[in-house]
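Q: Could you work out the structure for the sequence below:
(2 chains)
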Amino acid sequence: MATRTRSSRPVHTSSVLQRQVRPALAGATFTLFTLIILTAFLSPFGYMTVTALKDRPMITESSTPILPSKPATFTYEGEEYPILFVPDENGRLHEWAIIKKGREESTFIDPKNPDTGPIQWTGKWRTLESTWELSPVWENFGYAWTQLNMLRLLRNTLLIAVVGMIGTVCSCTVVAYGFTRFRIPGKSILFMMLVSTMILPSFVTIVPTYILFERMGWMGTMLPLMVPHFFANAYNVFLLRQYFLTIPREMDEAAMIDGAGPIRTLISVILPQSVPALVAVGIFHFMWAWNDFFGPLLYLSTEIDLQPVAIGIQRFNQQFSARPHMVQASALLGLLLPLILFFLAQRVFMRGIVFTGVEK
Amino acid sequence: MSSMFSELSFKDLKFTRTKLTKLTRREALWGLFFLSPWIIGFLLWTLGPMIASFVFSFTDFNLLHREEMQWVGLDNYRLLFTDPNVKTAVSVSLRFAAIALPVGILQPVLMAALLNDERLWARRLFTTLFYLPSIVPMVSTVYIWQGMMNTQTGWINRFLTAIGIAGPDWLNARAWIYPSLVIIGLWGVGDMMLYTLATMQGVPTELYEAAQVDGAGRFRQFRHITLPMITPVIFYNLILSSIGIVQYFLVPFVLKGPNGDPGNATWFYGMHLYKEAFAYSKMGYGATLAWVLFLFVLIVTIFLFWSSKYWVFYQAGEQK
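A: Model (predicted):
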């Protein structure tokens, strides 16, 4: 900002430089700094992807490169030979395959032009470093997929998530409509009670709820994970209420004058204008259900056939904890669908979050 | 700009009794009709269970021997205050909170400040990328970090070795387990970061312009303008983080299993409750643990709301 106050002075080249170069430099430095933090912050994604594509030796041997690689080889006259980095008398490095190992002298072949024939090289071949070629073990995913029984996990998770999503979207819409458009005695008390349920730890109600579901014979079924979502929840009611408040009241009044009842008004006036908020609520619930661990842990621990992804991955990793590549492959399979969904609906999703926490 | 808890002020409650005309009664009935899913749900899944929980806390109800249920008076409460496992659980939860809470409050503010800085290029891209870890399901997050923190093959210790530092045993040393859990938690603050960022972007630019005229530097602008303006979000975060910590369960359970390893260090209150109520089916005692937790949360929340009038800054006219 200091440059701005000086602009009344005659323009010298130095001040032009200052005005243009300095902010650019500050921007570059600051962005670089942020980029370094971001890289560290996201590096576990890199670890996961790279590890999921390795086999055991690639992980355990510390001399191996970060990327999934195996020592490069070259096939010469029907036999495979490892390729090494070989310096010549000028100190230049060549990637040559070693075809005959000797104590003081070895024979190499140049994989790029094998026709030039064997090359004699004097020196200790054991001191040479091997070259690596990328060799991702894609089979890990296939193995993890079948061992997890991923199709079954996906089916169960989608079933739980979609039914709950329908319940959440419908009930929260209706309740938010009631809170925004009707004068009800004691409404402010009711709304306060709604908001305060967010502060209530779920552990407080879990014991009797568990007993209730047990009494109803819902143990080992998906019902405890679906039915409660048909009764609205504070976060999503709040989000939708905030959104409905931005829709001008005159619009529903016009509809009412035309003879529409409250239900018609909701369907024909409010809903068409609230699509982004409804989509956001739907996605939030989907993500929540995909993530939910405690519910299925309580109600489906005995029913392996009905368990969702979160539980499936945890069970899988109790067996495979000694194989980091399998653990990471399963972690990756577990986050793929939410990640895709996030990128598809990124804007609606991030706006929806801001809408929940911040009053416009 | 204020968080949704600004709705929780008691002042705006009106207890005026108005005569209901036919028309207003119709409106009220329609309104109650629309609210009914939530009202029924509140009775079924919140109020009912809380009362039931309170009643159960005076019994020895066990799901495995349900016929033998007896009233035991205050026995469960007596047991709770003498149970050494509860003592462990409370001290574990408090020690964890002492590290996790400050980090959980500071991190979103720092990240939002970084993303709100006008020197940063491609701010929206950075925001999306910093948000990204928050959509990773918790179970995946735990396993990814478990791998990262492996002493032999994890990237953290490989990196530390490369720069000449001997890395600790993150997940098996009692001294390192809490910092490790806090590091895993760094991946879960995306929502708070977005709230904070949105609030920062809503601060009127005139305030900064005025401060610049007065010669205030970046740091002082942040300290005296940005920080007061985002206190509502910090308050919101403080409340939600405190509640998150009292029922912290999933991460230690998936990471270290149900036994509180290493050496009771992850025997959180939630773990204790889970074991007593659901592994041993001691519902009466479980309900007692839950109720005491509720009272604790209630006291903490009341204290925080009381304290908020001294440090949470609502813009004039905004506190409805």
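Q: and stretch A:258-271 with chain B, contact?
A: Yes: against chain B, stretch A:258-271 shows contacts by Cβ under 8 Å from any Cβ of the partner chain at A:P262. Glycine gets a C-beta too; all of them are placed from N, C-alpha and C.
Q: what does that stretch rub up against?
A: The contact list for stretch A:258-271 (Cβ atoms under 8 Å, 6 or more residues apart in numbering or on different chains) reads A:173-174, A:177, A:181-182, A:244, A:247, A:251-252, A:255-256, A:278, B:30, B:34.
Q: In the stretch 51-200 of chain B, mark out all the helices, start to finish.
A: B:75-82, B:84-116, B:123-131, B:138-148, B:155-162, B:174-185, B:190-201 (DSSP state H, counting those that start in this stretch).
Q: The first one near chain A at all?
A: Put plainly, it is helix B:75-82. No: on the criterion Cβ under 8 Å from any Cβ, helix B:75-82 is out of touch with chain A, staying 11.8 Å away.
Q: Can you list the buried residues in that helix?
A: B:D75, B:N76, B:Y77, B:L79, B:L80 (16 or more other Cβ atoms under 10 Å in any protein chain shown).
Q: Which residues does that helix contact?
A: The contact list for helix B:75-82 (Cβ under 8 Å, 6+ apart) reads B:S57, B:F58, B:D60, B:V86, B:G284, B:Y285, B:A287, B:T288, B:L289, B:V292.
Q: Check what pLDDT the fourth one gets.
A: Model confidence at B:V86, given as pLDDT, is 95.
Q: Isn't it up against B:H272?
A: Yes: B:V86 lies in contact with B:H272 (Cβ atoms under 8 Å); the separation is 6.5 Å.
Q: okay, these two: which has more neighbours?
A: Taking other Cβ atoms under 10 Å in any protein chain shown, B:V86 and B:H272 do not tie; B:H272 has more neighbours (22 against 19).
Q: How about the more buried one: what's its closest non-neighbour residue?
A: B:A89 (4.2 Å; Cβ to Cβ, 6 or more residues apart in numbering or on different chains).
Q: same deal with A:E133?
A: A:A72 (4.1 Å).
Q: Poorly predicted segments of chain A, please.
A: For chain A, the stretches flagged by pLDDT under 70 are A:1-17, A:357-360.
Q: Domains in it, by residue range?
A: Per automatic domain parsing, the domain ranges recorded for chain A read A:2-52, A:69-134, A:141-357.
Q: Looking at these, which one is packed in the most?
A: domain A:141-357 (a mean of 19; mean count of other Cβ atoms under 10 Å in any protein chain shown).
Q: Tell me how far that one lies from the chain's centre.
A: Centroid separation for domain A:141-357 versus its chain: 18 Å, with Cα atoms, centre = their mean, to the nearest Å.
Q: How much space separates the residue lying closest to B:V189 once chain neighbours are set aside from chain A?
A: The shortest distance from B:V189 to any non-neighbouring residue, by Cβ to Cβ, 6+ apart, is to B:P108 (4.9 Å). From B:P108 across to chain A, the span is 11 Å (Cβ to the nearest Cβ, to the nearest Å).
Q: does B:P108 really touch B:T196, like I thought?
A: Yes: if you go by Cβ under 8 Å, B:P108 and B:T196 touch, sitting 4.9 Å apart.
Q: Compare those two and say which is more crowded by neighbours.
A: Using other Cβ under 10 Å, the more surrounded residue of B:P108 and B:T196 is B:T196, with 28 against 24.
Q: Contacts only, for the more buried one.
A: Contacts of B:T196 (Cβ under 8 Å, 6+ apart): B:P108, B:V109, B:M111, B:A112, B:I230, B:V233, B:I234, B:N237.
Q: try 6 Å
A: B:P108, B:V109, B:A112, B:I230, B:V233 (Cβ atoms under 6 Å, 6 or more residues apart in numbering or on different chains).
Q: Pick the one among those residues closest to chain A.
A: Nearest to chain A among the contacts of B:T196 is B:V233, at 7.1 Å by Cβ to the nearest Cβ.
Q: show me the contacts for the residue nearest to A:E133.
A: By Cβ under 6 Å, 6+ apart, A:A72 lies in contact with A:I83, A:T131, A:W132, A:E133.
Q: Mind putting those residues into TSV with secondary structure?
A: Below are these laid out as TSV (DSSP: H, G, I helix; E, B strand; the rest coil):
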residue	secondary structure
A:I83	strand
A:T131	coil
A:W132	strand
A:E133	strand
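Q: picking that back up, mind checking how far the residue nearest to B:H272 is from A:R56?
A: The gap separating B:A89 from A:R56 is 38 Å, by Cβ to Cβ, to the nearest Å.
Q: One more: B:H272?
A: B:H272 is 37 Å from A:R56, by Cβ to Cβ.
Q: Closest residue of chain A to chain B?
A: For chain A, Cβ to the nearest Cβ, closest residue to chain B: A:F231, 2.4 Å.
Q: Hmm, B:P37 and that residue touching each other?
A: Yes: at 5.2 Å, A:F231 counts as touching B:P37 under the criterion of Cβ atoms under 6 Å.
Q: Nearest spatial neighbour of B:F130, chain-adjacent residues omitted?
A: B:M111 (5.9 Å).
Q: Just confirm the one you found contacts B:Y195, I think it does.
A: No: contact between B:M111 and B:Y195 fails when scored by Cβ under 6 Å: they sit 11.4 Å apart.
Q: Is A:S106 located within a helix, as I assumed?
A: No: applying three-state DSSP, one finds A:S106 to be strand, outside a helix.
Q: Now do the phi/psi pair for residue 50.
A: You didn't pick a chain, so chain A it is. Dihedral pair for A:V50: phi -70, psi -40, per degrees, to the nearest 10.
Q: circling back to that earlier point, common neighbours of A:F231 and B:P37, please.
A: Counting by Cβ under 6 Å, 6+ apart, the common neighbours of A:F231 and B:P37 are A:S171.
Q: contact partners of stretch B:232-250?
A: A:201, A:203, A:293, B:2-3, B:5, B:97, B:100-101, B:104, B:138, B:192, B:195-196, B:199, B:268, B:270, B:297, B:300, B:304, B:308, B:312.
Q: so which two of the contacts of B:T196 are the farthest from each other?
A: B:P108 and B:I230 (9.6 Å; Cβ to Cβ).
Q: neighbours around B:L129, how many?
A: 16.
Q: what does the stretch 151-300 of chain B have sitting close to chain A?
A: Residues of the stretch 151-300 of chain B lying close to chain A (Cβ under 6 Å from any Cβ of the partner chain) are B:153, B:155, B:191, B:194-195, B:198, B:212, B:243, B:246-247, B:250, B:254, B:273, B:277, B:283, B:286-287, B:290, B:293-294, B:297.
Q: With that, I have no additional questions.
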